[in-house]
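In: coords below, sequence missing:
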């Protein structure tokens, strides 16, 4: 005589479904709410990158002009220093120290 199984087989159990929960759906984890896009790149930094890209490649360029007015980024990018300096300062690529002119 064949022995009968004491527990129901998985196929017999599949007809019984678990009742659906009546509670509302849970919100996503709090970490999902904090996901944001990276901050935008400041316009001054993009302008500074364009100035640098205009300079001839494969050459070293001095960022600040020297007394001879050669081999600086202004020569390489064909821009005036008066136009380049504010862009580099605004992009935080160049910094200046404050000078107390009364002490000089």
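Out: Looks like it came in fine. Since this is a predicted model, take the numbers as computed values, not measurements. Numbers count the residues shown, from 1 in each chain.
In: what about residue 50, which helix or strand?
Out: Following DSSP states H and E, one finds residue 50 within helix 43-54.
In: can you give me the buried ones in that helix?
Out: Of the residues in helix 43-54, those scored as buried under the neighbour-count criterion (16 or more other C-beta atoms under 10 Å) are 44, 47-48, 51-52. Quick note: C-beta positions are derived from backbone N, CA and C, even for glycine.
In: now swap in stretch 67-75 and tell me
Out: Within stretch 67-75, the residues that qualify as buried by neighbour count (16+ other C-beta under 10 Å) are 72-75.
In: what does it contact?
Out: When contacts are taken as C-beta atoms under 8 Å, 6 or more residues apart in numbering, the neighbours of stretch 67-75 outside the stretch itself are 51-52, 55, 60-66, 79-81, 84.
In: just the buried members of the residues you listed?
Out: 51-52, 55, 65, 79, 84.
In: in the residues you listed, find the pair that's most separated.
Out: Across these, the longest distance by C-beta to C-beta is 15.0 Å; it joins 52 and 65.
In: quick one: the helices in this protein?
Out: Ranges of helices within the chain are 10-13, 30-33, 43-54, 73-77, 81-90, based on DSSP state H.
In: tell me the angle of the longest one relative to helix 81-90?
Out: I take that to be helix 43-54. Computed with axes from the mean of the first three to the mean of the last three C-alpha atoms, to 10 degrees, the direction of helix 43-54 lies at 130 degrees from that of helix 81-90.
In: sorry, back to before: lowest-confidence member of the buried ones among the contacts of stretch 67-75, which is it?
Out: Checking pLDDT across the buried ones among the contacts of stretch 67-75, the minimum falls on residue 65 at 78.
In: dump the residue contacts of residue 55.
Out: When contacts are counted by C-beta under 8 Å, 6+ apart, residue 55 is found next to 61, 73, 76-77.
In: again, only this time at 10 Å
Out: 61, 72-79 (C-beta atoms under 10 Å, 6 or more residues apart in numbering).
In: show me which of those is closest to residue 94.
Out: Using C-beta to C-beta, the shortest approach to residue 94 within those belongs to residue 73, at 10.5 Å.
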